[in-house]
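**Student:** coordinates for the following, if possible.
(2 chains)
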Amino acid sequence: MTTTATPPPPASVAAPATGPEPADGPVRIRSPWAGYTTTARYIILFALVCVFLLPVYVLLITAFKDLAQVSPSRMWEWPDSLSLDTYRAVWPKLQDGLRNSLAMAIPAALISSFLGAANGFVLSKWRFPGADIVFPLILFGMFIPYQAILIPMRQTISDLHLLGGLNGLILAHVIYGLPITTLIFRSYFTGISDELIDAAQVDGAGMIRTFLFVALPIAVPAFAVSVIWQFTSAWNDFLFGLVLTNPDHWPVTVALNNVAGGQVVPYHEAMAAALLASIPTLLVYILMGRFFMRGLMAGALKG
Amino acid sequence: MYRLRRWAPGFLLILPSLIALGIFVYGFLGRNVQVSLSNWRGLAPRYDYVGFDNYTRLAHDTRFTGDVKNVIVFTVIFVGGALIAGFLLALLLERGVKAEGFFRGVFLFPMAISFIATAVIWRWLMSNASGAQETGLNKLFREAGLGFLANDWFKSNTVFAMAAVALAAGWALVGYIMALFLAGIRGVSDDLREAARVDGASEPKVFWYVVGPMLWPVVMAAIVILAHISLKTFDLIYAMDPKSRKIETPALYMWFTTFDGFFFSRGAAIATLLVLGIAVVIVPYIWYSMRSERRK
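**Tutor:** Residues are numbered from 1 along each chain as shown, chains lettered A, B, ... in the order given. Next up, the predicted model:
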């Protein structure tokens, strides 16, 4: 349900108005307006693309303007010359945050995905009595408002002497990432035929070996979906970072809010900082959008 | 005995995760309820039971009731708007347009950006500064001769303030809803559509009578996802205008009263109410999803 590839485009693609209908195709009643509606659809789509990219336009031109031209009232003006001055001003304020976020999001995504793979494998291929009750209980963790666990979590992390540093934050992201990673892998393994697993058992492999050497290698696509999704979530998280880390270990979202949060902050610095803090997840999205999509669909339970 | 040996290893493999989630989800939720029934105020934890005092006081707290009104307005506008806009986007792309991947990519990319970055950008776009300081969309409207559209955005005194927040949130999430609808529409088998066409139904009718009714599960999923996001959203509003009561929601009040005011028991009470609000939509949804999965 969730890990299938994006559905292929429908078989019947609306032909351009000038193109003749293929004689052997299904008999379609073509409206005389078809050509106009196609044109209108493209016009509307391009208009919407412009609206969606408006913030990006502002972000890009502002962040590269030289200091002489940055004034809120000239927000929409094309830059006279390209300059990296704003980045030079913002970089020192964000570089620690960027490093912390990398050091936190990568291990959090990997560990959470690995545990999720084990859970998903057990819940689909090595089921135990009550697995059908356990799974919804795991899923519920995906939807809880984090406000409701913040007070006890902060205390527990503090009792574990992990408050302030990155390890406490990683622990939180690993655990609260488990529901979605479990869901991703469970869906994936459900779609794999049982024969493969049974064959391994006939060969005498135990569960751990079946999981590590049979199931895990074929779950590489699910692993990509899971890691990318968890990396993005951990990177974009703000609340956990705010509650669990001290200023030395602030993730980039908290650093960004401090750089760009006040109304007194020059707006070109706010824009450049927002862009810098978003580059890693944007790169992931651009390079691996397909996997990102599947993570999204998994989050909806029924894609 | 054989059966036990058969499933025990699997159970042991999943056990650490179950324990972790048991503590971090259910244990903490329970502890949070306990705190909400105590009089813990100040830095040192206290768990003296005081019954529902914190809840009854919240009911008479005008800040809290105002926040509840805000989050209801936000939910209605955000869920309704994103649902309609996402559906229309899916309709535009459904019949297959050239460069569909490009359009989808553009509508979806805001999902990859943090709410903090989204808020930073939109706060400037929706600035209500006037005169020489005028900027953002107001400035753009003025230059395009649409000055009458200029407004106070999230600093308005009306429900429009919440609508402005919903606009930024919608920018971030509408592509997701579009993707859900697109997958739903394409999940309807071509045979079914073809059968209707053979019966002489026009394309709009095919869509309305054949595809439409099969989209209800998607609508349900979209509503549940959007509604639970709108109840728990914190960072977007916090980064946009943290101290403004005009756009404060219970999720923010919880934060300020707990970690700024150290009124832990009241913060826990607000959080408990948030869980209840979300559970009302989430629990039936998970139950429904599991049941329809078992039927397959």
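
**Student:** the helix or strand encompassing residue A:142 packs against which elements?
**Tutor:** Secondary structure from DSSP states H and E places residue A:142 in helix A:131-143. Counting contacts by 3 or more Cβ pairs under 8 Å, 6 or more residues apart in numbering or on different chains; DSSP states H and E, helix A:131-143 is packed against helix A:85-125, helix A:166-190, helix B:2-21, helix B:264-295. For the C-beta atoms, the positions are set from N, CA and C on the backbone; glycine is no exception.

**Student:** so after that helix, what's the next helix or strand?
**Tutor:** Per DSSP H and E, helix A:131-143 leads on to helix A:147-159 as the next helix or strand towards the C-terminus.

**Student:** same question for that next one, mean pLDDT?
**Tutor:** Average pLDDT, helix A:147-159: 95.

**Student:** and residue B:101, how far is that from residue B:111?
**Tutor:** According to Cβ to Cβ, to the nearest Å, residue B:101 stands 16 Å off from residue B:111.

**Student:** who are the neighbours in contact with the residue lying closest to residue B:290 once chain neighbours are set aside?
**Tutor:** By the measure of Cβ to Cβ, 6 or more residues apart in numbering or on different chains, the closest residue to residue B:290 outside its immediate chain neighbours is residue A:136, 5.5 Å from it. Residues near residue A:136 by Cβ atoms under 8 Å, 6 or more residues apart in numbering or on different chains: B:286-287, B:290.

**Student:** what about the stretch 51-200 of chain B, any weak spots by pLDDT?
**Tutor:** Confidence mapping of the stretch 51-200 of chain B against pLDDT under 70 gives zero matching residues.

**Student:** could you pull out the strands for it?
**Tutor:** Along the stretch 51-200 of chain B, no stretch is classed among the strands by DSSP state E, counting those that start in this stretch.

**Student:** name the nearest residue to residue A:211, ignoring sequence neighbours.
**Tutor:** residue A:121 (5.2 Å).

**Student:** please apply the same query to residue A:102.
**Tutor:** Closest residue to residue A:102 apart from its sequence neighbours, by Cβ to Cβ, 6+ apart: residue A:280 at 7.4 Å.

**Student:** just residue B:77 next, same as before
**Tutor:** Looking at residue B:77 with Cβ to Cβ, 6+ apart, the closest residue is residue B:166, at 4.4 Å.

**Student:** OK, contacts around the one you found?
**Tutor:** B:74, B:77-78, B:81 are the contacts of residue B:166 under Cβ under 8 Å, 6+ apart.

**Student:** mind giving me the packing neighbours of the helix or strand harbouring residue B:254?
**Tutor:** For residue B:254, the enclosing helix or strand under DSSP H and E is helix B:250-255. Under the contact criterion of 3+ Cβ pairs under 8 Å, 6+ apart, helix B:250-255 touches helix A:147-159, helix B:62-94, helix B:216-232, helix B:235-240, helix B:264-295.

**Student:** which of the contacts of residue B:166 tops the neighbour count?
**Tutor:** The most crowded member of those, judged by other Cβ atoms under 10 Å in any protein chain shown, is residue B:78 (26 neighbours).

**Student:** would you mind confirming that that residue is in contact with residue B:168?
**Tutor:** No - with contacts counted by Cβ atoms under 8 Å, residue B:78 stays clear of residue B:168, the gap being 9.8 Å.

**Student:** contacting residues for residue A:127?
**Tutor:** B:7, B:10.

**Student:** please settle this for me: is it part of a helix?
**Tutor:** No - in this structure, residue A:127 is coil, not part of a helix, as judged by DSSP: H, G, I helix; E, B strand; the rest coil.

**Student:** before we move on, the earlier item: give me the pLDDT for the residue nearest to residue B:290.
**Tutor:** 92.

**Student:** same check on the one 5 residues further on?
**Tutor:** For residue A:141, the model assigns a pLDDT of 92.

**Student:** okay, now it: neighbour count?
**Tutor:** 22.

**Student:** ok, now how distant is it from residue B:20?
**Tutor:** Here the distance between residue A:141 and residue B:20 works out to 10 Å (Cβ to Cβ).

**Student:** shared neighbours, the two?
**Tutor:** With Cβ under 8 Å, 6+ apart as the test, residue A:141 and residue B:20 both reach residue A:178.

**Student:** hang on, the earlier thing: quick one: the helix holding residue A:142 to chain centroid distance?
**Tutor:** 21 Å (Cα atoms, centre = their mean, to the nearest Å).

**Student:** report the angle between that helix and helix A:147-159.
**Tutor:** Angle, helix A:131-143 to helix A:147-159, by axes from the mean of the first three to the mean of the last three Cα atoms, to 10 degrees: 90 degrees.

**Student:** quick one: buried residues of helix A:131-143?
**Tutor:** A:131, A:134-135, A:137-143 (16 or more other Cβ atoms under 10 Å in any protein chain shown).

**Student:** hang on, the residue nearest to residue A:102 packs against residue A:235?
**Tutor:** Yes - with contact defined as Cβ under 8 Å, residue A:280 counts as touching residue A:235 (6.3 Å).

**Student:** higher neighbour count, these two?
**Tutor:** Taking neighbours as other Cβ under 10 Å, residue A:280 and residue A:235 compare with residue A:235 leading, 27 against 18.

**Student:** per-residue confidence for the more buried one?
**Tutor:** On the pLDDT scale, residue A:235 gets 96.

**Student:** residues contacting it?
**Tutor:** So residue A:235 contacts A:101, A:105, A:251-253, A:280-281, B:114 (Cβ under 8 Å, 6+ apart).

**Student:** quick one: what helix or strand has it in it?
**Tutor:** Per DSSP H and E: helix A:220-236 holds residue A:235.

**Student:** quick check: buried residues in that helix?
**Tutor:** Within helix A:220-236, the residues scored as buried using 16+ other Cβ under 10 Å are A:222-236.

**Student:** one step back: worst average pLDDT in the helices and strands packed on helix A:131-143?
**Tutor:** Of all the helices and strands packed on helix A:131-143, helix B:2-21 has the smallest average pLDDT, which comes to a mean of 86.

**Student:** for the next helix or strand along the chain from it, which positions count as buried?
**Tutor:** Per DSSP H and E, the first helix or strand lying C-terminal to helix B:2-21 is helix B:28-36. Counting neighbours by 16+ other Cβ under 10 Å, one finds that the buried residues in helix B:28-36 are B:28-29, B:31-36.

**Student:** would you format those residues as JSON lines with pLDDT and distance to chain A included?
**Tutor:** Formatted as JSON lines, those follow (pLDDT from 0 to 100; distance: Cβ to the nearest Cβ, whole Å):
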{"residue": "B:28", "pLDDT": "97", "distance to chain A": "4"}
{"residue": "B:29", "pLDDT": "97", "distance to chain A": "6"}
{"residue": "B:31", "pLDDT": "96", "distance to chain A": "4"}
{"residue": "B:32", "pLDDT": "96", "distance to chain A": "5"}
{"residue": "B:33", "pLDDT": "97", "distance to chain A": "9"}
{"residue": "B:34", "pLDDT": "96", "distance to chain A": "9"}
{"residue": "B:35", "pLDDT": "96", "distance to chain A": "6"}
{"residue": "B:36", "pLDDT": "96", "distance to chain A": "9"}
